[in-house]
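S.K.: Task: produce atomic coordinates for the following.
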Amino acid sequence: MIEVKELFEDIYAYDNGRVRAFLIKGENEDLLIDTLFKEDKLIPMIKKEDRSLKVVLTHSDRDHIGGLDEEVKECYIHLYDAADIKTTKVITIKEGDHISCGRYDFIVIHIPGHTKGSIALFDKEKGILISGDSIQKGGPIYMFGEHRDLDAYIASLKKLKNIKNDIKVILPSHHDCPIDPSYIEKDLEDILALKEGRLRHEKTPNMPCDTYHGTYVDYYYIEN
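M.R.: Have a look, this model is predicted:
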């Protein structure tokens, strides 16, 4: 069952208990950020015949792209994750592009690491950062698999740290939402501790990775 919650004026979270998508309401067009799993059937739930819908994907993990269906004629995703989209026409986006809807104007920030093409969307005037999976409270954040890159992820968190003073609130795709911008530095602290071998960890049941326990967030990871 999907829970719908209005977070801010014209910003709604659609949460299935495992992952959430965000819907931004505009005058004649709405903006959907991520699509949940295929079985959630999110697009038919929100699409209205008298309104167009723009779909932007923060990255290409299946819990974010699974809801793409024949009603979605095109979607926007970073070039480095675009090859994972098989069902819909892809329009690639890049660092610095603007995506506007209603009262909100988001700039694309490329934050690779969780995937090569992971992005965040930042409305500087409102101070709202939609972070995908890259910033979370508690976690775990997936950092194992061939398309994850620990060093790129660390660099991306340092990049976001540089604009932290402009961020008022973060909307993550998993776990607590909203969270405050201090989690940029908190997650960075924990991932640096992971890289330096300072985190307690144990085998994750039914998964080919260990769970690494940070002070603020856990990570699923496999040491090289």
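S.K.: Give me the spatial nearest neighbour of residue 115, chain neighbours excluded.
M.R.: Using C-beta to C-beta, 6 or more residues apart in numbering and skipping residues adjacent in sequence, the residue nearest residue 115 is residue 59, 4.3 Å away. Backbone N, C-alpha and C define where each C-beta goes, glycine included.
S.K.: Are we agreed that that neighbour is in a helix?
M.R.: No - with DSSP: H, G, I helix; E, B strand; the rest coil as the criterion, residue 59 is assigned coil and is not in a helix.
S.K.: Share the number of residues neighbouring it, please.
M.R.: Counted with other C-beta atoms under 10 Å, the burial measure for residue 59 works out to 26 neighbours.
S.K.: Offset the numbering so it begins at 49, please.
M.R.: Fine by me, first position is 49 from now on; the one you just mentioned is residue 107.
S.K.: if I pick it, what's in contact with it?
M.R.: Neighbour list for residue 107: 125, 126, 129, 162, 163, 165, 166, 167, 180, 181 [criterion: C-beta atoms under 8 Å, 6 or more residues apart in numbering].
S.K.: List the residues that contact the residue lying closest to the first one once chain neighbours are set aside.
M.R.: Going back to what we said before, that points to residue 125. Counting by C-beta to C-beta, 6+ apart, residue 105 is the residue found nearest to residue 125 once chain neighbours are left out, at 4.3 Å. By C-beta under 8 Å, 6+ apart, the contact set of residue 105 is 81, 82, 83, 112, 113, 123, 124, 125, 129, 133.
S.K.: How about residue 129?
M.R.: 105, 107, 108, 163, 164, 165, 166.
S.K.: isn't the fourth one right up against residue 193?
M.R.: Same thing as residue 163. No - in this structure, residue 163 is not within contact of residue 193 by C-beta atoms under 8 Å, at 9.1 Å.
S.K.: ok, these two, which is more surrounded?
M.R.: When neighbours are counted by other C-beta under 10 Å, residue 163 comes out ahead of the other of residue 163 and residue 193, with 27 against 14.
S.K.: Wait, a helix at the more buried one?
M.R.: No - Residue 163 sits outside any helix when classified using three-state DSSP, being coil.
S.K.: Now do it against residue 211, distance only.
M.R.: As for residue 163, its distance to residue 211 is 21 Å (criterion: C-beta to C-beta, to the nearest Å).
S.K.: Please apply the same query to residue 217.
M.R.: Taking C-beta to C-beta as the measure, residue 217 and residue 211 are separated by 13 Å.
S.K.: what does residue 191 give?
M.R.: Taking C-beta to C-beta, one finds residue 191 at 22 Å from residue 211.
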